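just the structure for this:
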Amino acid sequence: MKEIVVISGKGGTGKTSVCAALAYAKPSDLVLADCDVDAADMHLIFQPKVHKDEPFFSGVKAVIDPALCTNCGRCAEICRFDAIRQDKDVRFVELLDCEGCGYCALICPVKAIEMPQQKVGRVFGSESRTGTPMAHARLDIGADNSGKLVAKVKSDAKSLATEHSRDLILVDGSPGIGCPVIASLAGADLALLVTEPSISGFEDLKRVCDLASKFDLKMACVINKADINPKIAAEIRNTMKQRNIPILMELPYSNDFSEAISLGQTLIEYNPSQWQAPFEQLWDKLLKEIR
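Below is the predicted model:
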């Protein structure tokens, strides 16, 4: 089983559009995983039929039982996050401020504070409109632990691949280099870096390359909007050559990216004469890299 993770150092490079077009080009050969759980949008394109919808619990928060609380105030005194509030004679925890350290529960003299696990999102197992098995999730508003939710999505994707006898997992990762990206990269066989020739695109590309290298992970690159800034595009080519990262494809700037997304379509569906051949070629190059 091989796993390709599509990532970008910044948002707006066309990462999801590239990943969606790749998924559309091989609907019967892979399992699709959307690990951009903070702002998942792959389901908007593939309109999956959900067959599993489960809550995801991770992390703890303090909860004060008002029936047991004597309002001594010790918990509020030691809470370094100022999460313990008071309404008249009742103490309560502001959950958005609580970091779940558990110190308040430890020092409460009457054991009025519990640390229950928190629901931080939902995980889904689905079948896309193209028939591709799909694992995806949604992080709750203001919730933490997106990295653990990503790990759950990846685990579910592997289970789907085994269940449906698919030997390839295609992952749409998060932008940036934070916890969700780290979780997306864990255990992958190839990181496909989608970048753009802008100052921020180039700098963030270097950061995500540094991150992927920590995993000793094989990398390849796609330059999207390659024609908008020839100077920076040349710098990207030189940097990728120095790092021994192959550039598999350069795509021109096109309004097709935004127009296809607005219609809930992949690039190939929106304009097959323009995009079918390039993404089939990209698949050929990707498979050579991982096999």
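
quick one: the helices in the stretch 1-150 of the chain?
Using DSSP state H, counting those that start in this stretch, the helices of the stretch 1-150 of the chain run over residues 15-25, 42-46, 74-78, 103-107, 146-163.

for the ones you listed, which one sits closest to Phe279?
Nearest to Phe279 among these is helix 15-25 (4.7 Å), distances taken as Cβ to Cβ. C-beta here means a position set from N, CA and C on the backbone, and glycine is covered the same way.

doesn't Lys225 make contact with Glu196?
Yes. If you go by Cβ atoms under 8 Å, Glu196 and Lys225 touch, sitting 4.7 Å apart.

what touches both of the two?
Listed as contacting both Glu196 and Lys225 by Cβ atoms under 8 Å, 6 or more residues apart in numbering are 13-14.

looking at these two, which is more packed in?
Higher neighbour count among Glu196 and Lys225: Glu196, with 28 against 21, using other Cβ atoms under 10 Å.

residues touching that one, list them.
Neighbouring residues of Glu196 by Cβ under 8 Å, 6+ apart: 12-14, 223-225, 228.

low-confidence ranges in the chain?
Applying pLDDT under 70 to the chain picks out residues 145.

domain parsing for it?
Domain assignment for the chain by automatic domain parsing gives 2-58+120-290, 62-115.

of these, flag the one that's most buried.
Ranked by mean neighbour count, the domains of the chain are led by domain 2-58+120-290 with a mean of 19 (mean count of other Cβ atoms under 10 Å).

how long is that domain from one end to the other?
Terminal residues of domain 2-58+120-290 are spaced 7 Å apart (Cα to Cα, to the nearest Å).

now it: how far from the chain's centre is it?
The gap between where domain 2-58+120-290 is centred and where its chain is centred comes out at 8 Å by Cα atoms, centre = their mean, to the nearest Å.

ditto for stretch 50-63
Counting by Cα atoms, centre = their mean, stretch 50-63 is centred 17 Å from the centre of its parent chain.

so who does the residue lying closest to Ala40 once chain neighbours are set aside touch?
The shortest distance from Ala40 to any non-neighbouring residue, by Cβ to Cβ, 6 or more residues apart in numbering, is to Asp34 (5.1 Å). The contact partners of Asp34, by Cβ under 8 Å, 6+ apart, come to 40-43, 134-137, 153, 171-172.

ok, what's across the strand from Asp34?
With DSSP bridges as the criterion, Asp34 is bridged to Asp172.

on that earlier part again, and of the helices of the stretch 1-150 of the chain, who's closest to Phe202?
Per Cβ to Cβ, nearest to Phe202 of these: helix 15-25, 15.3 Å.

which secondary structure elements does that closest one contact?
strand 2-8, helix 42-46, strand 168-175, strand 190-195, helix 256-262, helix 267-270, helix 272-290 (3 or more Cβ pairs under 8 Å, 6 or more residues apart in numbering; DSSP states H and E).

could I get those as a markdown table with distance to Cys19?
Listed next are the helices and strands packed on helix 15-25 as a markdown table, based on distance: least, Cβ to Cβ, whole Å:
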| stretch | distance to Cys19 |
| --- | --- |
| strand 2-8 | 4 |
| helix 42-46 | 7 |
| strand 168-175 | 4 |
| strand 190-195 | 8 |
| helix 256-262 | 12 |
| helix 267-270 | 11 |
| helix 272-290 | 10 |
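
looking at the ones you listed, which is closest to Ile236?
strand 190-195 (6.4 Å).

ok, residues contacting that closest one?
Strand 190-195 has contacts (Cβ under 8 Å, 6+ apart) with 2-9, 13-15, 18, 185, 201-202, 204-205, 208-209, 212, 217-224, 236, 245, 248, 286, 289-290.

who does it pair up with?
In its sheet, and by DSSP bridges, strand 190-195 pairs with strand 2-8 (parallel), strand 219-223 (parallel).

what's the residue nearest to Ser200 when sequence neighbours are not counted in contact with, if anything?
The shortest distance from Ser200 to any non-neighbouring residue, by Cβ to Cβ, 6+ apart, is to Lys10 (5.6 Å). Going by Cβ under 8 Å, 6+ apart, Lys10 touches 175-176, 200-201, 204.
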